[in-house]
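# Provide a 3D model corresponding to the input given below.
(2 chains)
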Amino acid sequence: MKSLLSLHKITKRYGEVTALTNVSLNVQEGDLLAVIGPNGAGKTTLLKIMAGIEKPSEGKIIYRGEDASKNLEVLRRNCTMVFQRTVMFNTTVFNNLAYGLKIRKLPKDEVKARISEALELVKLKGYENRQAKKLSGGEQQRVALARALVLRPQVLLLDEPTANLDPKTTSIIEEVINYANKKLETTIVVATHNIFQVQKIAKRAVLLLNGQIAEKGTIEEIFLKPSLTMASFTGFDNVFVGHARSTGQGTAIIELGDGLEIEAAIEKIGEVTVYVRPEDIIVSKAPLKSSARNILKGRIIEISDSGQAIRLKVKVDAGKIIVSQITRRSFEEMRLNIGTEVFLTFKASSVHVA
Amino acid sequence: MVRKMTSEILEGLRRALELIVSGDPEVLEVTLRSLYVSGTATLLAVSWSIPMGLLISLKNFRGKRILKGFFNALLGIPTVGLGLILYLFLSRSGPFGSLHFLYTPTAIILGQAVLITPILVSFSVSAIESVEPEIRDLAKTLGASESEVSFAVLREALQGVLLAVIAGFNRALAELGVALMLGGNIAGLTRVLTTSIALETARGNFELSIALTIILLSIVFTLNFAVNLLKRERT
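Numbering: from 1, shown residues only, chains lettered A, B, ... in the order given. Prediction:
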C-alpha cells in the first residue's frame, strides 16, 4: 500500500490552548483508520487539519508525496469531512449535494446522476426536493454522508459518524462506510469514542490522548491488552481509579469510593486504575451462584442498541455507573427495561489493571 | 371650524386621489425621481456595506467591537446633521466643491448612501453572525476557496441581508434632511417626494402634498409588509 496522506510533527494551537502536540500519522491508500480518544482529546482538530479546514501551527502535511501545508486547497479538494454536528445549507437536499460538484464545475447531467446514486446509497432515494433542514437528525446525517460521497473523495474523514443516532441510521451509516472503503476504495479515517464501532469497522487505530498519539496498532493490539495509557482513557466506560489492598490470596480488594469495592486478580496495592470490559460483565435478574468474585446490584438507567449488541448503563447501589454489554437475544429473553433491578457479575480476573 | 377643516381634508383627499389616478405628470415625475435617487443610493451603499459586513462578521481583528459599536451608534443619525456635514464638504469652498455635486441628484444619492450605510452594515453583520459558524467549515471541506466560503455564508444569511437592504431603502426614501440640504428641492432636477411634500404644504397646496404623502406611505407600508412576511418565514 502506498502512503496517501501523512502528517509530520503537527502541532495546533488556538491562542493559549494547544489542541495537538507533535502528531505524526501515516494514512495509506485504502486504509480504514480509527482515531479513538475521549472528548476533548483533539480528534476533531486532527480531522480538520487533514481536511484542510484548519492550518497547523507547526509541522508538515504530505499529500501524495507533495507538501500540502501551504496549499490547503489541495486537501479541501481531495479530503472531505463529515462533521459530528450535522450542518445543512438552508435549501433542498439536491442543492446540498450539488454544492461541491458545482464548485468542481461538473456537467449538469453528471451532477444529477451522481446525486441520485449517492442518495440511493444512503437509502434516501427520491429525497432530492425535500428541504434539508426539515429532515430528521438521522436523515440529515445520511444526507451529510451522501454530500461527501458524491464528491468521490480520496479520503473520507468521519467525525463520530454515529454518535447519538438511532440503531437503524447507525447500521445504514456503517454499511455505507464499509461499502465506500471496500467497493469504492475510499480511504477512510473515522474518529470515535465508541470502541464497539471501532472493533466492527476499522482495520487500524490510533489512540489520541490530550492531543498526542498514545498508541498505534491493530484494534486487537490496542484493545485486548489495556496498557497504562489505555486505562487513563476516561472516554471508555468502566474505567475506575481506586485504592487496592491485598487479600493475601493472590487477589486484591479495590475501594472505588462511595463504599464500592471490587475484587481483582492483581498483586499491586495502593493507587490503581482498573478497567472492566463491558462484555465481560454478566447481567442477571437474580443473584448468580458462581465462582465469580464480584456481584453488584443496581438499576438500569440507559439502554442503547448498537446492532447485535445491547449496552446497558447500570447505576449500582453504591452510586457508580457501570456499563455492560449483552447480546440482543439475552436482552429480549430477560425482558429488561429502564428501571429494572439487575445483578452484575464479573470475575476477579476480568478486572484489568494498569 | 372643525367641520371646515374636515371638509378641507376630505376635499384634499378627493383631489389627491384624482391626481394619482389621472397620472398627473408632476406627481409621476417626483415619484419616479424619488425611487431612482433612493434606489441608486441603496445600490451604492450595498456595494460597500455588504463586503464591509462580511469582513466585520467573518474576520477577527483588533477594534472589531469598537467598529460594530460605531455603526450601531450611527443608526439613528439625524438627517439634518448629516446633511449639514455633507453640505460643508460639497459646497463650493469645501474639500469636494470642485466636483460641483451640490444641488444635483448625485449629491442626494451620495448623501443617502452615507446615511443608510450604518443600517446596512449593522443589520447585515447581525444576519451573517447568526449563520451557524459550522457552515464555513462545511463549505471548506466541500472544496470551497476563501471567497466561495464567504459567498456560501452570505447566501445562508440572504433573508437577513435582504431585510437590511429594504430597511435601508425605506430610510433613504422617507428622509428629508439630506435631500433638502444637498438637493435644494429644485423643480425638475432634485425635487423628490419628501421635499415636495414639505414645500407644497408650506405653500398651502394640500391636495398635491396629500397625493404625494399617500404615494410615499403606500411604498413604505408595502415594503414594511414585505419585510414582515420575510421575517415570519425566517422563524
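# what residues does chain A have near chain B?
A:48, A:51-53, A:73, A:76-77, A:79-81, A:83, A:85, A:87, A:89-90, A:99-100, A:103-104, A:147-148, A:151, A:157 (C-beta under 8 Å from any C-beta of the partner chain). Where you see a C-beta, it was placed from the backbone N, CA and C, and this is true even at glycine.
# just the buried subset of those, please.
A:48, A:51-53, A:76-77, A:79-81, A:83, A:87, A:89-90, A:99-100, A:103, A:147-148, A:151, A:157 (16 or more other C-beta atoms under 10 Å in any protein chain shown).
# give me the subset of the residues of chain A next to chain B that lies in strands.
If you go by DSSP state E, the residues of chain A next to chain B have A:C79, A:T80, A:M81, A:L157 in strands.
# quick one: buried residues of stretch B:121-132?
For stretch B:121-132, using 16+ other C-beta under 10 Å, the buried residues are B:V121, B:S122, B:F123, B:S124, B:V125, B:S126, B:A127, B:I128, B:E129, B:V131.
# if you could redo that for stretch A:303-323, that was the one I meant.
Buried residues in stretch A:303-323 (16+ other C-beta under 10 Å): A:S304, A:S306, A:A309, A:I310, A:R311, A:L312, A:K313, A:V314, A:V316, A:K320, A:I322, A:V323.
# how about the CA coordinates for the helix or strand of chain B at the bottom of the mean pLDDT ranking, as PDB?
Least confident element among the helices and strands of chain B, by mean pLDDT, DSSP states H and E: helix B:2-21 (a mean of 81). C-alpha atoms of helix B:2-21 as PDB (Å, rounded to 0.1, in the frame of the first residue of the first chain):
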ATOM      1  CA  VAL B   2     -63.700  71.800  12.800                       C
ATOM      2  CA  ARG B   3     -66.200  71.000  10.100                       C
ATOM      3  CA  LYS B   4     -64.500  73.300   7.700                       C
ATOM      4  CA  MET B   5     -61.100  71.600   8.300                       C
ATOM      5  CA  THR B   6     -62.600  68.200   7.900                       C
ATOM      6  CA  SER B   7     -64.200  69.100   4.600                       C
ATOM      7  CA  GLU B   8     -60.900  70.600   3.500                       C
ATOM      8  CA  ILE B   9     -59.100  67.400   4.300                       C
ATOM      9  CA  LEU B  10     -61.700  65.300   2.500                       C
ATOM     10  CA  GLU B  11     -61.700  67.600  -0.500                       C
ATOM     11  CA  GLY B  12     -57.800  67.400  -0.500                       C
ATOM     12  CA  LEU B  13     -58.000  63.700  -0.300                       C
ATOM     13  CA  ARG B  14     -60.500  63.500  -3.200                       C
ATOM     14  CA  ARG B  15     -58.400  65.700  -5.400                       C
ATOM     15  CA  ALA B  16     -55.200  63.900  -4.400                       C
ATOM     16  CA  LEU B  17     -56.700  60.600  -5.500                       C
ATOM     17  CA  GLU B  18     -57.700  62.300  -8.800                       C
ATOM     18  CA  LEU B  19     -54.100  63.400  -9.200                       C
ATOM     19  CA  ILE B  20     -52.800  59.900  -8.700                       C
ATOM     20  CA  VAL B  21     -55.400  58.100 -10.800                       C
END
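# so for it, what gets flagged as buried?
For helix B:2-21, by 16+ other C-beta under 10 Å, it's B:G12, B:A16, B:L19, B:I20.
# just those now: which is nearest A:I213?
B:I20 (76.7 Å; C-beta to C-beta).
# excluding its backbone neighbours, what's nearest the closest one?
Of all residues not flanking B:I20 in the chain, B:A211 sits nearest, at 5.5 Å (C-beta to C-beta, 6 or more residues apart in numbering or on different chains).
# quick check: the one you found touching B:S22?
No: B:A211 is beyond contact range of B:S22, at 10.3 Å (criterion: C-beta atoms under 8 Å).
# neighbour-wise, which of these two wins?
B:A211 (27 against 10; other C-beta atoms under 10 Å in any protein chain shown).
# what about stretch B:55-66, average pLDDT?
Mean pLDDT, stretch B:55-66: 91.
# stretch A:244-260 too?
85.
# let me know the pLDDT of A:N178.
pLDDT, read off for A:N178, is 89.
# which residue packs closest to B:E134, ignoring adjacent ones?
A:V87 (4.2 Å).
# how close does the one you found get to B:E132?
6 Å (C-beta to C-beta, to the nearest Å).
# before we move on, back to that, what is the nearest of the ones in strands among the residues of chain A next to chain B to chain B?
For these, the residue nearest chain B by C-beta to the nearest C-beta is A:M81; the value is 4.4 Å.
# bridged to the closest one, which residues?
A:L157 (DSSP bridges).
# surely it touches A:R147?
No: when contacts are counted by C-beta under 8 Å, A:M81 is not listed as touching A:R147 (10.8 Å).
# enumerate the residues of chain B near chain A.
Residues of chain B lying near chain A (C-beta under 8 Å from any C-beta): B:132, B:134-135, B:137-145, B:148, B:152, B:155-156.
# buried subset of the residues you listed?
For the residues of chain B next to chain A, buried by 16+ other C-beta under 10 Å: B:I135, B:D137, B:L138, B:A139, B:K140, B:T141, B:L142, B:G143, B:A144, B:E148, B:A152, B:E156.
# next, give me the two most distant ones among those residues.
So, those by C-beta to C-beta: farthest apart are B:G143 and B:E156, at 17.3 Å.
# in the sheet, who's paired with A:E66?
A:Y63.
# burial of it, as a residue count?
10.
# could you do A:S57 as well?
14.
# leaving out sequence neighbours, find the closest residue to it.
A:R13 (4.6 Å).
# isn't the one you found right up against A:G42?
No: taking contacts as C-beta under 8 Å, A:R13 lies outside contact range of A:G42: 11.4 Å.
# for the longest helix seen in chain A, give me every contacting residue.
Ranked by residue count and defined by DSSP state H, the top helix of chain A is helix A:167-182. Contacts with helix A:167-182, where a contact means C-beta atoms under 8 Å, 6 or more residues apart in numbering or on different chains, come from A:30, A:32, A:121-123, A:138-139, A:141-142, A:145, A:149, A:156, A:158, A:161-162, A:165, A:186-188, A:190, A:197, A:200-201, A:305-307.
# what about 6 Å?
By C-beta atoms under 6 Å, 6 or more residues apart in numbering or on different chains, the residues outside helix A:167-182 that reach it are A:32, A:121-123, A:138, A:145, A:161-162, A:186, A:188, A:201, A:305, A:307.
# farthest-separated two in these?
A:T186 and A:D305 (27.1 Å).
# all helices for the chain, in order.
In the absence of a named chain, this looks at chain A. Going by DSSP H, chain A shows helices at A:43-50, A:72-78, A:93-103, A:108-121, A:137-149, A:167-182, A:195-201, A:219-223, A:228-231, A:328-334.
# oops, chain B please
B:2-21, B:25-58, B:64-73, B:79-90, B:105-129, B:134-141, B:146-156, B:158-174, B:177-178, B:193-202, B:206-234.
# where does the stretch 251-354 of chain A have low pLDDT?
A:306-308, A:353-354 (pLDDT under 70).
# where do the strands of it begin and end?
A:252-257, A:260-264, A:270-276, A:282-284, A:294-306, A:309-316, A:321-327, A:341-346, A:351-353 (DSSP state E, counting those that start in this stretch).
# for the third one, buried residues please.
For strand A:270-276, a neighbour-count test (16+ other C-beta under 10 Å) marks A:V272, A:T273, A:V274, A:Y275, A:V276 as buried.
# in the sheet, who's paired with the second one?
Beta-bridge partners for A:T273, by DSSP bridges, are A:V241.
# for it, give its distance to chain B.
In this view, A:T273 and chain B are 36 Å apart by C-beta to the nearest C-beta, to the nearest Å.
# got a list of what whichever residue of chain B sits closest to chain A touches?
Nearest residue of chain B to chain A, counting by C-beta to the nearest C-beta: B:L142, 3.6 Å away. For B:L142, the contact set (C-beta under 6 Å, 6+ apart) comprises A:Y99, A:G100.
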